[in-house]
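K.L.:
Dropping a prediction and its sequence here:
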Amino acid sequence: MSSSNSCQVFKSGKHAVKLVSVQQETGCRSSGGRAPPKPLLVWAPSERGEFPVLIFLHGFLLYNSFYSQLLRHISSHGFIVVAPQLYTIAGPDSSGEITSTAKTMDWLVDGLVRHLPSHVRPNLCKLAIAGHSRGGKVAFAVALGLAKTSLSFSALMAFDPVDGMGKGKQTNPPILTHVPRSFDQKMAALVIGSGLGGVKKNPFFPPCAPEGVSHRDFFVECSSPACHLVAKEYGHMDILDDETKGIRGGATYCLCANGKGREPMRNFVGGAMVAFMRAYLEGDMNDLWTMRENPECVMPVEVSTSCFHE
C-alpha cells in the first residue's frame, strides 16, 4: 500500500455512522438483560455488514460524549465503538470502573445486537479495548485479568494512560510494576503519548500525565508485540472534541498543557488506532507498517518517538 493510501486512516472513512444512546438498568424493574450495567454511547456503521468492536473508556471525571468526533472517525472506518459512562463522580480508587467494564463486556454478548440496526452485526471475535488517561489504566487492568469477563481481546490501546500522581504515588489498584516487559497482556498493545502530558499547565496543578506513571512506563512494561507513538507538540486533552461544554468541558482547556488545536491530534490518534485494529483484528498490516517505516509522510502530527516491541 502506498503512503498516500495509508494517509486515509487519518481522514474520515467511507462508512456513514449512526449514534445510539443506550440507558443502563435502573430501579427494581428488570429488562431481562436488555439494558447494560452502565449507560452507553454506541457508534456503528450504517451500512449492512458485520464489524469488529472497540470498547472505549473515558478519562478521569470526563464524559464519554467528549470523544464523539474521535469515535465517529474510528467507526467510519468500519468499526462498532462502545463507550460506557463508567461514573459521574469518582475518587482515586478505580476498582469499581474495572468491575463495571468487565460487566459491560459480558452484556455485549447478548445485549449489543439488540440496540443496533437489524442489518448491522457485531463481531465479538474481533474485539479491542482502549482508554484515555485513567480509562487507559482501566483498559490495561481489564486486559491483564484484574476482572473476569467471558470475552477476550486481540488488541489493547491507550492514550496517555495514567496510574496515579507519580512513581510511588500510584492509585488503587496499582497497575505498573516498574519491571520492563512484566505485563503478560496476551494481545498486541498500542500506547500513544502526548509530548506535553508531563508539562504543568500552571503552578497550581500537577501535570495531567505525570512522568513515572504514564505512557512511557506502560509501554516499557508491555510484552510483544507492542507499539509506542508520542505526538510531540500536543497535550493530554487534545483528543477530545473541538468544543466540550459545561464545567467539566471548560476544565479540559484549563488543567492540562494543550497544543495549538485538537483536530490534528484527534486525527492522528484515530488513524493510529484504525491502523492498529486493522493489523491485529483483521490481519491487514499495511497501514501500520507504513506508519513504522515512513511516519513523516503519513502522520498529521510530528511524532517524537516511534518504538516497537516485536
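P.N.:
Sure thing, it's come through. Residues are numbered from 1 along each chain as shown.
K.L.:
Centre of the chain to the helix of greatest length in the chain, how far?
P.N.:
Longest helix in the chain by number of residues (criterion: DSSP state H): helix 263-282. With Cα atoms, centre = their mean, to the nearest Å as the basis, helix 263-282 stands 10 Å off its chain's centre.
K.L.:
which parts of it are buried?
P.N.:
Across helix 263-282, burial judged by 16 or more other Cβ atoms under 10 Å covers 264-281. Placement of C-beta: from N, CA and C, glycine included.
K.L.:
could I get it in CSV with only the CA atoms?
P.N.:
Extracted C-alpha coordinates of helix 263-282, given in CSV (Å, rounded to 0.1, in the frame of the first residue of the first chain):
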residue,chain,number,x,y,z
GLU,A,263,-8.2,18.3,15.4
PRO,A,264,-4.6,17.2,14.3
MET,A,265,-4.1,15.1,17.4
ARG,A,266,-7.5,13.6,17.2
ASN,A,267,-7.0,12.6,13.6
PHE,A,268,-3.6,11.2,14.5
VAL,A,269,-4.9,9.1,17.4
GLY,A,270,-7.9,7.9,15.4
GLY,A,271,-5.9,7.0,12.4
ALA,A,272,-3.3,5.1,14.5
MET,A,273,-6.0,3.2,16.3
VAL,A,274,-7.7,2.3,13.0
ALA,A,275,-4.3,1.1,11.6
PHE,A,276,-3.6,-0.9,14.7
MET,A,277,-7.0,-2.6,14.7
ARG,A,278,-6.8,-3.4,11.0
ALA,A,279,-3.5,-5.1,11.8
TYR,A,280,-4.4,-7.1,14.8
LEU,A,281,-8.2,-7.6,14.4
GLU,A,282,-8.3,-8.1,10.6
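K.L.:
Give me the residue ranges of the stretch 1-150 of the chain where confidence is low.
P.N.:
Filtered on pLDDT under 70, the stretch 1-150 of the chain yields the residue ranges 1-6, 27-33.
K.L.:
Kindly recompute the last result at 80.
P.N.:
Counting by pLDDT under 80, the ranges of the stretch 1-150 of the chain that qualify are 1-7, 25-33.
K.L.:
Alright, that wraps it up for me.
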